[in-house]
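Q: I would like the atomic coordinates for the input below:
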Amino acid sequence: MNEVEQECIILNSVWEMIDGMVNWAMFVKHDRTEPTNMLFETSQHCRLFNILLGDFLSPLQGFKGRPIPFGLNRAPSNARPSDLTFLYYLRQVCTKPSFAPDASNLRARTEEFATWLEGDFVATGVNLHAIDVVADIRICRYRYIKICGDIAKHNLARLATNVGHIRAVLAASGHEVGEQQAYLAVDNFFEWFHGNIFLYHSSQIAEFLNNIRWAIFDYLRPEFVRSWHLTEKATREFPIYAYRVPDVCTEPVAHAMYWDVMNRVRAKPWMHRFIVSESFKQRY
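A: Residues are numbered from 1 along each chain as shown. Okay, here's the model as predicted:
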């Protein structure tokens with residue numbers, strides 16, 4: 001696929017994933033703009049949010065070693081953590097935008113989230129009582145979110161990689177534990193980091209994602225104005241519309257994605273723009 005077609009797929013996919021995470025079914029609805037916080041409807045919605053976010057923060061891979069679909073590039077072997085997420089493909093759009101000359105706002109919103117994800121913090125007094133360990137754990141935000149998302153999604157038999165990560169962060173904090181001990185610590189790790197820290201971070205994460213969604217809207221709005229038009233069959237009762245799809249957008253999937261993302265612009269993002277209170281951004 002060419003770069004225009006890939007951009008259609010990237011932008012529609014990112015917007016669709018954010019819609020699945022940041023919506024009024026997941027969070028308690030409000031009309032506040034600032035300062036505010038986001039409350040989950042239930043603890044199960046918080047768990048689902050973590051799972052979906054973990055998918056968003058996972059590298060795109062081909063099935064069983066095959067190439068990545070749609071001709072998209074794989075992140076380089078020395079990639080920074082945020083390049084192992086869908087943010088890598090948003091960066092690709094921002095580097096060479098196809099639908100507007102300026103993608104600086106989208107780039108800024110993407111980098112804000114990436115920088116935050118790559119930062120680390122110290123969780124003090126983490127009590128892993130199943131293995132009699134209490135530790136001050138330094139960990140990257142990206143890493144703990146991914147570990148918790150995987151724990152929320154999979155059973156113990158499919159957590160070998162994350163058990164390795166837990167052993168590594170414990171070793172860095174001065175607590176060497178064996179593999180079996182690390183498996184025993186999984187539930188305690190999840191309770192501490194998902195039930196406390198992720199819940200605290202969730203409002204700020206929702207703001208980051210909502211800002212990216214609105215930045216995609218702002219970036220694509222001029223293209224929508226150019227492309228949208230009423231058809232010859234349109235009437236007052238039935239205003240049938242269509243889009244002037246770019247000539248280079250010929251692949252069926254990309255053509256459909258162009259329509260989908262233009263319809264998202266037509267409908268506007270589901271949530272208004274909001275700013276989370278600083279009290280939900282100062283810890284961890």
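Q: OK, contacts around the residue nearest to the spatial centre of the chain?
A: Centroid-nearest residue in the chain: residue 56, 4.2 Å away (criterion: Cα atoms, centre = their mean). Residue 56 makes contacts with 17-18, 21, 85-86, as judged by Cβ atoms under 8 Å, 6 or more residues apart in numbering. Yep, even glycine has a C-beta here, placed from its N, CA and C like the rest.
Q: can you check residue 154 too?
A: Contacts of residue 154 by Cβ under 8 Å, 6+ apart: none found.
Q: ranges for the helices of the stretch 101-250 of the chain?
A: Counting by DSSP state H, counting those that start in this stretch, one finds helices in the stretch 101-250 of the chain at the ranges 104-118, 141-153, 160-172, 179-192, 199-227.
Q: indicate which one of the ones you listed is closest to residue 30.
A: Closest of the helices of the stretch 101-250 of the chain to residue 30 is helix 199-227, at 11.5 Å (criterion: Cβ to Cβ).
Q: now do that closest one against helix 141-153, angle only.
A: When axes from the mean of the first three to the mean of the last three Cα atoms, to 10 degrees is applied, the directions of helix 199-227 and helix 141-153 differ by 100 degrees.
Q: could I get the average pLDDT for helix 199-227?
A: The predicted model gives helix 199-227 an average pLDDT of 98.
Q: okay, buried residues for that helix please.
A: For helix 199-227, a neighbour-count test (16 or more other Cβ atoms under 10 Å) marks 199-220, 223-224, 227 as buried.
Q: repeat that for stretch 35-54.
A: Neighbour-count burial for stretch 35-54 flags 36-38, 40, 45-54 (criterion: 16+ other Cβ under 10 Å).
Q: swap in stretch 84-103?
A: Buried residues in stretch 84-103, counting neighbours by 16+ other Cβ under 10 Å, are found at 84-94, 97-99, 103.
Q: for residue 132, see how far away residue 223 is.
A: Using Cβ to Cβ, to the nearest Å, residue 223 is found at 59 Å from residue 132.
Q: ok so, going back, for the helices of the stretch 101-250 of the chain, which one sits closest to residue 64?
A: Here helix 160-172 is closest among these (Cβ to Cβ), at 17.8 Å.
Q: what angle separates that closest one from helix 179-192?
A: Going by the same axes, to 10 degrees, helix 160-172 makes 90 degrees with helix 179-192.
Q: other SSEs contacting helix 160-172?
A: strand 133-140, helix 141-153, helix 179-192 (3 or more Cβ pairs under 8 Å, 6 or more residues apart in numbering; DSSP states H and E).
Q: using CSV, write out every CA atom in the second one.
A: The C-alpha atoms that make up helix 141-153 are tabulated as CSV, following Å, rounded to 0.1, in the frame of the first residue of the first chain:
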residue,chain,number,x,y,z
ARG,A,141,5.1,3.3,33.5
TYR,A,142,4.9,1.5,30.1
ARG,A,143,6.2,-1.7,31.7
TYR,A,144,3.9,-1.8,34.7
ILE,A,145,0.8,-1.0,32.5
LYS,A,146,1.8,-3.8,30.1
ILE,A,147,2.3,-6.3,32.9
CYS,A,148,-1.0,-5.5,34.5
GLY,A,149,-2.8,-5.6,31.2
ASP,A,150,-1.5,-9.0,30.5
ILE,A,151,-2.3,-10.3,34.0
ALA,A,152,-5.9,-8.9,33.6
LYS,A,153,-6.2,-10.7,30.3
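Q: return the distance of that helix from the chain's centre.
A: 12 Å (Cα atoms, centre = their mean, to the nearest Å).
Q: now that helix: buried residues?
A: Under 16+ other Cβ under 10 Å, the buried positions of helix 141-153 are 141-153.
Q: just the last one next, same as before
A: Of the residues in helix 179-192, those buried under the neighbour-count criterion (16+ other Cβ under 10 Å) are 181-186, 188-192.
Q: which other residues reach that helix?
A: The contact list for helix 179-192 (Cβ under 8 Å, 6+ apart) reads 123, 126-131, 133, 147-148, 151-152, 156, 159, 162-164, 166-167, 170, 177.
Q: could you do the second one as well?
A: With contacts defined as Cβ under 8 Å, 6+ apart, helix 141-153 is touched by 47, 50-51, 53-55, 57-58, 81-82, 85, 116-121, 158-159, 161-162, 165-166, 169, 186, 189-190, 193-194, 197-198, 201, 284.
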